[in-house]
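Chemist: just to be clear, the model below is a prediction. Sequence and coordinates:
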Protein chains: 2
Amino acid sequence: MTIPQYADIEDAARRIASMIHRTPVLTSSYFNDETGAELFFKCENFQKVGAFKFRGASNAIAKLPDEQGSKGIVTHSSGNHAQAVALAARINGYKATIVMPENAPRVKVNAVRGYGAEVVFCEPTIEARSETAQRVVSELGATFIHPYNHPDVIAGQGTCALELLEEVPELDAILAPVGGGGLISGTAIAAKHLKPGIKVYGAEPELADDAYRSFHSGKIEPVLRTDTIADGLRTSLGELPFEIIQNHVDDIRTVSEQSIIRDMRAVWERMKIIIEPSCSVPLAVMRDQETDLTGKKVGIILTGGNVDLDNLPWQ
Amino acid sequence: MTIPQYADIEDAARRIASMIHRTPVLTSSYFNDETGAELFFKCENFQKVGAFKFRGASNAIAKLPDEQGSKGIVTHSSGNHAQAVALAARINGYKATIVMPENAPRVKVNAVRGYGAEVVFCEPTIEARSETAQRVVSELGATFIHPYNHPDVIAGQGTCALELLEEVPELDAILAPVGGGGLISGTAIAAKHLKPGIKVYGAEPELADDAYRSFHSGKIEPVLRTDTIADGLRTSLGELPFEIIQNHVDDIRTVSEQSIIRDMRAVWERMKIIIEPSCSVPLAVMRDQETDLTGKKVGIILTGGNVDLDNLPWQ
């Protein structure tokens, strides 16, 4: 795997332009006052399938030669990447098979099926997911699309920062959450190319601080627990994103579960938009921590809006 | 009281331009498919204080001569109008006194105080609210701003349809909920002037169908119960709005509580925005009822986004 370059992100932006939503950038005088900075929220919760993941999946799938795509697309995910692959495959006329743990919530299974993908269940272990996906790949000759350890996925995720900087070129910094690292690494490549002096910070839950520890130790550290409320950020950092993070990301900060829930709710109440818990992690960094961003213009990527309305974290 | 004309709405738009947010218009392919129409949602949930009410209050207050405004502003409300008056008064440098029932939720009392207004409590009856407000008016020489039975408030609410038609001039119809009638009457005056052939429909909960009954009987019929989940629509129709409705509104439709809750939740899930129950009443009309709007371009005013996140209607 090769590290994607800025040109790959520009290519991705052209490739997926007609498939994605160009999402709005919102501001909030309340959060400006609270943080002492000027914040610009890039609303990927309004993206197709309700998450930025659609950018990466649609780029990776649209880039496939037709004779390859027509043998099918495979991934394993119980989250937003599953829906992203399902929809991107359908748009391109390809068959998608999504491997999901047999205990995945029905609502997520149904959402994936709603986009026309086949769901194959496996035992709820990382090994079983991987083996089952591999079996489908072997049987069909299908193409596996990794959720973040994939150059075309990273390039696709980078289109989000590209749009944000087109709309707000005077940004001094961009903050994004870190799960597997696909978003932050695509963001860093795009932002540092367009504006070399810009700061790019990753934000993580304290309970899933593997990127923070990896960033400081210089090698990939495993996730130690998977119980953060920020369900999009429970995965371990990928190798390719980690290499990019080491070269292009300025810092990684962590915040508590209480702060994540507080700011998720605050965004709902103040901005009247639905965001997932993962989204409020960078905002919580801005509110809780000393940074060099006071008085600065700061972009925050709101990553998605898929939540279970029957099970909210403050209940 | 005289009926506001289109010119009053244009004046209002100029007067409040620097005070209000010009709110976005969103679309949803999901709801287009569900309704067989092309819907354009005017997002007043993103308006200041989280509701369209700020338009009317800010117009009425900004229009006051300074020697009158400086004697203070009074209203009685436990809803969005209270916050709207509080903020609009503060922006104009006037003192606001809001009469609220002593059992009003703390969160609403605090919100009003947060905008710098004084809260005067009264017994939770319509008579007590009215008498207490009248007493403050007499004592201070302050000006009472009625939430809907007021020409300047109606003209202010009409600016919402003005913006919507500027952005989507090809609309065939506009739907708005009906509570006291300020929004629908301002909407009708603006829309019918700008586009005489356009349809304007009001939408009401079956449980608070006083405007529906009044529209058909030709005289103001009282609200019979106040337990609809759409808390913004529990008030009785005002005399001035009713006169405008009789002349300019094409029809009023009613929907069930179940449909209101279903479509409030559907908007949260599909559009990732927070709307109050009142907002989904027009959408529920589009989904549940036979109308002449199939295949048409239909504007829907989403009136506000102030909800108690600890007490959601589907819980």
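Modeler: Done, it's in.

Chemist: quick check, residue A:117 in contact with residue A:85.
Modeler: Yes: counting by Cβ atoms under 8 Å, residue A:85 is a contact partner of residue A:117 at 7.3 Å. Where you see a C-beta, it was placed from the backbone N, CA and C, and this is true even at glycine.

Chemist: list residues touching both of those two?
Modeler: The contact sets of residue A:117 and residue A:85 overlap at A:96, A:98 (Cβ atoms under 8 Å, 6 or more residues apart in numbering or on different chains).

Chemist: more neighbours: which of the two?
Modeler: More crowded of residue A:117 and residue A:85, by other Cβ atoms under 10 Å in any protein chain shown: residue A:85, with 34 against 25.

Chemist: shouldn't residue A:46 be in contact with residue A:21?
Modeler: Yes: here residue A:46 reaches residue A:21: they are 6.2 Å apart, a contact under Cβ under 8 Å.

Chemist: ok, the two, which is more surrounded?
Modeler: Between residue A:46 and residue A:21, residue A:46 has the larger neighbour count (other Cβ under 10 Å), namely 22 against 12.

Chemist: state the distance from that one to residue B:20.
Modeler: 22 Å (Cβ to Cβ, to the nearest Å).

Chemist: do the same with residue A:35
Modeler: 24 Å.

Chemist: residue A:230 now?
Modeler: Counting by Cβ to Cβ - residue A:230 and residue B:20 are separated by 35 Å.

Chemist: ok so residue A:196 is a helix residue?
Modeler: No: read with DSSP: H, G, I helix; E, B strand; the rest coil, residue A:196 is coil and lies in no helix.

Chemist: need phi/psi at it.
Modeler: phi -50, psi -30 (degrees, to the nearest 10).

Chemist: give me the most central residue, chain A.
Modeler: With distances taken as Cα atoms, centre = their mean, residue A:183 lies nearest the centre of chain A, 4.8 Å away.

Chemist: with adjacent residues omitted, what lies nearest to residue A:170?
Modeler: Of all residues not flanking residue A:170 in the chain, residue A:297 sits nearest, at 5.6 Å (Cβ to Cβ, 6 or more residues apart in numbering or on different chains).

Chemist: what is the burial count for the one you found?
Modeler: Other residues close to residue A:297 by other Cβ under 10 Å number 16.

Chemist: OK, contacts around it?
Modeler: By Cβ under 8 Å, 6+ apart, the contact set of residue A:297 is A:37-38, A:40, A:168, A:170-173.

Chemist: now the helices for chain A?
Modeler: With DSSP state H as the criterion, chain A has helices at A:6-16, A:29-35, A:53-62, A:66-69, A:80-91, A:106-114, A:126-140, A:151-167, A:182-194, A:210-217, A:239-248, A:257-271, A:280-288.

Chemist: closest one to chain B among these?
Modeler: Nearest of those to chain B, taken as Cβ to the nearest Cβ: helix A:257-271 at 5.8 Å.

Chemist: go through the closest one and flag the buried ones.
Modeler: Going by neighbour count (16 or more other Cβ atoms under 10 Å in any protein chain shown), the buried part of helix A:257-271 is A:257, A:259-271.

Chemist: ok and it relative to helix A:280-288, angle-wise?
Modeler: Comparing the axes of helix A:257-271 and helix A:280-288 via axes from the mean of the first three to the mean of the last three Cα atoms, to 10 degrees yields an angle of 90 degrees.

Chemist: and the nearest residue to residue A:43 once chain neighbours are set aside, what pLDDT?
Modeler: Excluding its sequence neighbours, the residue lying closest to residue A:43 (Cβ to Cβ, 6+ apart) is residue A:23, at 4.8 Å. On pLDDT, residue A:23 comes in at 96.

Chemist: make sure residue A:23 is actually in contact with residue A:41.
Modeler: No: look at residue A:23 against residue A:41 with Cβ under 8 Å: they stay out of range, at 9.8 Å.

Chemist: looking only at neighbour counts, state which of those two leads.
Modeler: Between residue A:23 and residue A:41, counted using other Cβ under 10 Å, the more crowded position is residue A:41 (26 against 22).

Chemist: which residues of chain A lie near chain B?
Modeler: Counting by Cβ under 8 Å from any Cβ of the partner chain, chain A comes close to chain B at A:24, A:45-46, A:50, A:265, A:268-269, A:271-275, A:305, A:309-310, A:312, A:314-315.

Chemist: what subset of those residues is buried?
Modeler: Buried, going by 16+ other Cβ under 10 Å: A:45-46, A:50, A:265, A:268-269, A:271-275, A:305, A:312, out of the residues of chain A next to chain B.
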